[in-house]
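A.B. asks: Okay, sequence plus prediction incoming.
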Amino acid sequence: MSALETDPSSPDAFLAWNALPTFVVVSAWENVEPRLRHLAERFPENPQAVFCYAAALFRQSVAPNHSDGLDLAQSLLEKVARLNPQLALARLELGALYAQRMQTEKAVASFLEAIRLDPNSEMAHYKLGQIYRDLNQLTLAERELDLYRKLERNHRDQMARNRSAIRQFVLAKPGYDSASTKEKAPL
């Protein structure tokens, strides 16, 4: 939050913030929401600042007894899509919001746009596949879910390669003693 408040245009701060939602429980959004609202009010033409607030509102609104923020979240996400038509995350979040509201045509269009902007978006393919399944368009659903599985597998493989490269770097570092590290490592 501090990094976003310092520079809401920072790609690194935005990237870090976008990794956060999977780790934040719904009740914690209540504490974050006022800071994000203030940020969006300070920078109303900054798509990243507005997106962060809108996404937090949406996440908070899907919790039981908190659906009152959906209208504002939708309005803000639509604004973000206008401010930055290339922001795939906004289309993905907007599609999820439309799906939550059972606006399937809008959800499909938004997920398709997210995929056009970022063909490697695992979540866009997955959510589109789910919508197609719900619409009983099973061929389209299977295609999207196959793409999701392929992208997810590629992502997992890339992560394994990265971990291996890091391990090799650490092991190759002068002065590294794997035996003493193993003795100190907790069980």
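C.D. replies: Noted; the coordinates are in hand.

A.B. asks: Quickly find the element holding the spatially most central residue of the chain.
C.D. replies: The centroid of the chain falls nearest to N18 when counting by CA atoms, centre = their mean (5.3 Å). Applying DSSP states H and E as the criterion places N18 in helix 11-19.

A.B. asks: which residues are contacting the helix or strand L97 falls within?
C.D. replies: In this assignment (DSSP H and E), L97 forms part of helix 88-100. Applying CB atoms under 8 Å, 6 or more residues apart in numbering, the contact partners of helix 88-100 are 18, 47, 51, 54-55, 58, 62, 70, 73-74, 77-78, 80-81, 84, 104, 106-111, 113-114, 117-118, 121, 123-124, 127-128, 130-131. Glycine gets a C-beta too; all of them are placed from N, C-alpha and C.

A.B. asks: So for the longest helix along the chain, what gets flagged as buried?
C.D. replies: Counting by DSSP state H, the longest helix found in the chain is helix 138-172. Within helix 138-172, the residues scored as buried using 16 or more other CB atoms under 10 Å are L140, A141, E144, L145, L147, Y148, L151.

A.B. asks: average pLDDT across that helix?
C.D. replies: On average, the pLDDT along helix 138-172 is 83.

A.B. asks: I'd like to know which elements it is packed against.
C.D. replies: helix 122-134 (3 or more CB pairs under 8 Å, 6 or more residues apart in numbering; DSSP states H and E).

A.B. asks: wait, S121 sits on L112?
C.D. replies: No - at 11.1 Å, S121 does not count as touching L112 under the criterion of CB atoms under 8 Å.

A.B. asks: neighbour count winner among these two?
C.D. replies: S121 (22 against 15; other CB atoms under 10 Å).

A.B. asks: how about the more buried one, what does it touch?
C.D. replies: So S121 contacts A88, L92, A114, I115, L151 (CB under 8 Å, 6+ apart).
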